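S.K.: what's the 3D shape of this:
(2 chains, ligands or ions: 2)
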Amino acid sequence: METQSNNVLEVRGLSKQYKKGVYASQDVTFEVRKGEIFALIGPNGAGKTTTIRMIATLLKATEGDAVVAGHSILTEPEKVRQNITYLPDEAGAYKTMTGRGYLEFMAGIYADNKAQAAEFVKTGCEICELGDRLDDKIGSYSRGMIRKLLLARAIMSKPALAIFDEPTSGLDIINALEIRRMIKDLAAQGMSFLLSSHNMLEIEYVSDRVGIIAKGHLLEVGTPAELKEKYNTQNLEEVFEKVVMSNEVC
Amino acid sequence: MKFVNLLRKELKEMLTPQTILTLVIMVIILSVAGDAMSGVVEDAAEEISQITICDQDDTEFTRSVIALMENPGDGVQNEVTEVELQSDDYAEELERLDTKSLIIIPEGFTQQVNSGQQAETIFVSQMTSLSTMANISTGSDVALSIIEDAVKSALYSDKITEGQLTEEEISQLEAPVTISETTVVGNKSADVSATILYSMCQMQGMFVPIIVYLLIMYSSQMILNAVSTEKLDKTLETLLSAPVSRLAVLSSKMLSAAIVAAIYAIVFMFGMNNMMSGLTMGDTSEYTEVVEYLGLSLSVGQYVLVGIQMFTTILISLSISLILGALAKDAKSGQTLIMPIMIAAIIPYLLSLMLDIKTLSPVLRFIVYAIPFTHTFMASENIMFGNMTIYWGGLIYQIIVLIVCMSFAIRVFTSDKIFTMSLSVGQKKNKRQTRSLFARK
Ligand SMILES: Nc1ncnc2c1ncn2[C@@H]1O[C@H](COP(=O)(O)OP(=O)(O)OP(=O)(O)O)[C@@H](O)[C@H]1O
Ligand SMILES: [Mg+2]
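M.R.: Ligands and ions are numbered 1, 2, ... in the order given. Okay, here's the model as predicted:
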């Protein structure tokens, strides 16, 4: 275990069948190193959310295992949860709470003591940049504001691994850029990220390594530069197209 | 044209399979209740023509009165059973004689008639339920009119042979008998008319079921909304991936809903109590003691028993709605998912208001008893009328149901079923439609 301590996440042969015989994700294997930003990219229904939910201990894996900060999702899901935060795709927040109230509520769950919780809330309020609106009810927020609030919540507790499903969906270009920058900064400080996205440009800019997933299979893993070179293309989008095409032919 | 299109769309949206199912179920409930009620009415009619009478005077005159009761003329036939009383304990006597009512002609009856006084008779009846239909047959009026008619005829034929009636005798013939009523409740009896008792307790009989019904609906709706919005907003995913035990998430939800429901219950109880005391004050206050003596007003300990059953019921509806909430796929299905609970509550609610569930036919009774909420609707009545076996049996059944529902709810929440399980009635149809769309192409 000591030799692999550099990996915050190790996914080994992870598979999920919602219905017997139908794999939503099959034999997925990759790892995320400390301070690394790893992105799963793939078309709709590829199995990104399924894979991510298994790692976030929400779904039980049909086969395989994943180890987060030395803890298996199968045998020690509680320990795993202490080391991650998860931001679901298209998530909402409690509409009757204020933004600050929500951050306080979630900080209370992640923090070990009051001082730490207060610190989390302070960080969260700074990150989400909602200003005065923090004391308004979440029900009055726009989609983008909610997204920023949720991102702030996922980041404020500085988890070992932050798992974001489509982190910038619903955000405008300026806000999306800001979030990407923030993710990069935090990664530089040692936080690891597992992201999913359709947006190849965003992924190319933000992630250290990407995994291309289609129909439940992880087809390629590498840095954007490696992949572009291997497939001899200008951008990730074309890599993606070639990978998916070549695998469909086989 | 545009309007027709719009109207068609709106109708399609509103007349979902759920709505239609609700209608069908309502029709079934109403017709079952109707059948059961017509049965009760028939029983009541039969009971009146089956008269149990105890002749303690035993004179020629009373024997002719009884003969006239059996055969009042005009081809009417009443079935009169003459019995002997073994004690003064009317509760025991009714049970021994296996009857719900009894007319007693006391000693000295003939003498009173002969001396031109109103002769006294005693009418003993048993009260077993507070529901409307169970009390239409308490018929002391009917008993009075039957015996009055018989006495009149006997008196008339006696006197007429002696020649002209005096004025006094004519006025005696107008109202020859009085009835003093005794009502048996459980194993106690008091000299008070069942009609008065019923009107005094009617409020209780009506409001307890309303409270139970509202409590079930409120608490289920609360938790169902809480769970389904959490699931649809994905705040549940956030919460369940956080370092907090799933049992804590589950139990905090249930506990808060139970607390709110309990607050509702207490507020309702107080409000109802005030209203009832407001209504029963005045000329009926003299009967309050009798009502208490007969056990028709609940003591503190009995309130606790009712409370226990209510709480069990709320927990059952909470755990069922937890499961139903987890099934929600969209906001609309979240709302219609309350339907099973509503139906399970409305059947015993209406039935207990209208009739004495204990007197339903065995098959119907079994079906109604199988609905766990039924026992709560009957709880206060069972306690009042001393049917403690039914109360405890119901409570034990409810606890078993609760354990089953609760363990299923816990299994749903602690496994990944909460995310994979879903139910949407309209969905299959849509799939078929899209398929046929493609097929046409
Ligand atoms: N609860 C579920 N029950 C049954 N099948 C499911 C369930 N959730 C997802 N699936 C199926 O699993 C497959 C993968 O879905 P998943 O949500 O993981 O895709 P995704 O890559 O996240 O897609 P998107 O980009 O649209 O979010 C799909 O075919 C989907 O229909
Ligand atoms: Mg997805």
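
S.K.: so what pLDDT did residue 22 get?
M.R.: No chain was given, so I picked chain A. With respect to pLDDT, A:Val22 has a value of 86.

S.K.: actually chain B
M.R.: pLDDT, read off for B:Thr22, is 74.

S.K.: so who does residue 85 touch?
M.R.: Picking chain A for this. By Cβ atoms under 8 Å, 6 or more residues apart in numbering or on different chains, A:Thr85 lies in contact with A:110, A:153-155, A:157, A:159, A:162-163, B:241-242. For every residue, glycine as well, the C-beta is placed using N, CA and C.

S.K.: meant chain B actually
M.R.: B:Leu85 touches B:54, B:56, B:93, B:104, counting by Cβ under 8 Å, 6+ apart.

S.K.: against B:Ser407, how distant is A:Val67?
M.R.: 31 Å (Cβ to Cβ, to the nearest Å).

S.K.: oh, I was asking about B:Gly34
M.R.: Going from B:Gly34 to B:Ser407 by Cβ to Cβ gives 38 Å.

S.K.: just give the nearest non-adjacent residue to A:Lys215, would you?
M.R.: Distance criterion Cβ to Cβ, 6 or more residues apart in numbering or on different chains; nearest residue to A:Lys215, sequence neighbours excluded, is A:Ala46 at 6.5 Å.

S.K.: what kind of secondary structure is that neighbour in?
M.R.: coil (DSSP: H, G, I helix; E, B strand; the rest coil).

S.K.: that one - how many residues pack around it?
M.R.: Using other Cβ atoms under 10 Å in any protein chain shown as the criterion, A:Ala46 is surrounded by 24 other residues.

S.K.: you'd agree it is up against A:Ala214?
M.R.: Yes. Using Cβ atoms under 8 Å, A:Ala46 is in contact with A:Ala214, at 5.1 Å.

S.K.: on that earlier part again, and the pLDDT for the residue nearest to A:Lys215?
M.R.: pLDDT, A:Ala46: 90.

S.K.: show me what contacts it?
M.R.: A:213-216.

S.K.: hmm, 7 Å instead?
M.R.: When contacts are counted by Cβ atoms under 7 Å, 6 or more residues apart in numbering or on different chains, A:Ala46 touches A:213-215.

S.K.: secondary structure element holding residue 102?
M.R.: No chain specified, so I'll use chain A. helix A:99-110 (DSSP states H and E).

S.K.: ah, no, chain B please
M.R.: Judged by DSSP H and E, B:Leu102 forms part of strand B:101-105.

S.K.: how many other residues sit next to residue 236?
M.R.: As the question left the chain open, I've gone with chain A. A:Leu236, neighbours per other Cβ under 10 Å, totals 25.

S.K.: other chain: chain B
M.R.: Other residues close to B:Leu236 by other Cβ under 10 Å number 24.

S.K.: does chain A sit close to the one helix or strand it maps to?
M.R.: In this assignment (DSSP H and E), B:Leu236 forms part of helix B:235-240. Yes. Using Cβ under 7 Å from any Cβ of the partner chain, we find that helix B:235-240 touches chain A at B:235, B:237-238, B:240.

S.K.: neighbour count: A:Val67 and B:Ser407, which is higher?
M.R.: Shown here are A:Val67 and B:Ser407; by other Cβ under 10 Å, A:Val67 has more neighbours (22 against 11).

S.K.: that's a strand at the more buried one, yeah?
M.R.: Yes. Secondary structure of A:Val67 (three-state DSSP): part of a strand.

S.K.: so it is in contact with A:Leu14, correct?
M.R.: No. Counting by Cβ atoms under 7 Å, A:Val67 stays clear of A:Leu14, with 10.8 Å between them.

S.K.: can you pull the phi/psi pair for residue 119?
M.R.: The chain I'm using is chain A. Torsion angles at A:Glu119 (phi, psi; degrees, to the nearest 10) stand at phi -60, psi -40.

S.K.: switch to chain B, that's the one I care about
M.R.: Main-chain torsions, B:Ala119, degrees, to the nearest 10: phi -90, psi 140.

S.K.: quick one on the thing from earlier: can I get the contacts of A:Thr85 in CSV with neighbour count?
M.R.: Compiled in CSV, the contacts of A:Thr85 are given as follows (neighbours: other Cβ atoms under 10 Å in any protein chain shown):
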residue, neighbour count
A:Tyr110, 21
A:Arg153, 26
A:Ala154, 24
A:Ile155, 24
A:Ser157, 23
A:Pro159, 23
A:Ala162, 24
A:Ile163, 25
B:Ser241, 22
B:Ala242, 19
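
S.K.: specify which member of those residues is nearest to A:Lys60.
M.R.: Closest approach to A:Lys60 among these (Cβ to Cβ): B:Ser241, at 13.6 Å.

S.K.: what is the burial count for B:Val32?
M.R.: 17.

S.K.: what residues does the residue nearest to A:Ala39 when sequence neighbours are not counted make contact with?
M.R.: Distances taken as Cβ to Cβ, 6+ apart put A:Ser207 closest to A:Ala39, at 4.0 Å, once the chain neighbours are dropped. By Cβ under 7 Å, 6+ apart, the contact list for A:Ser207 reads A:37-39, A:195.
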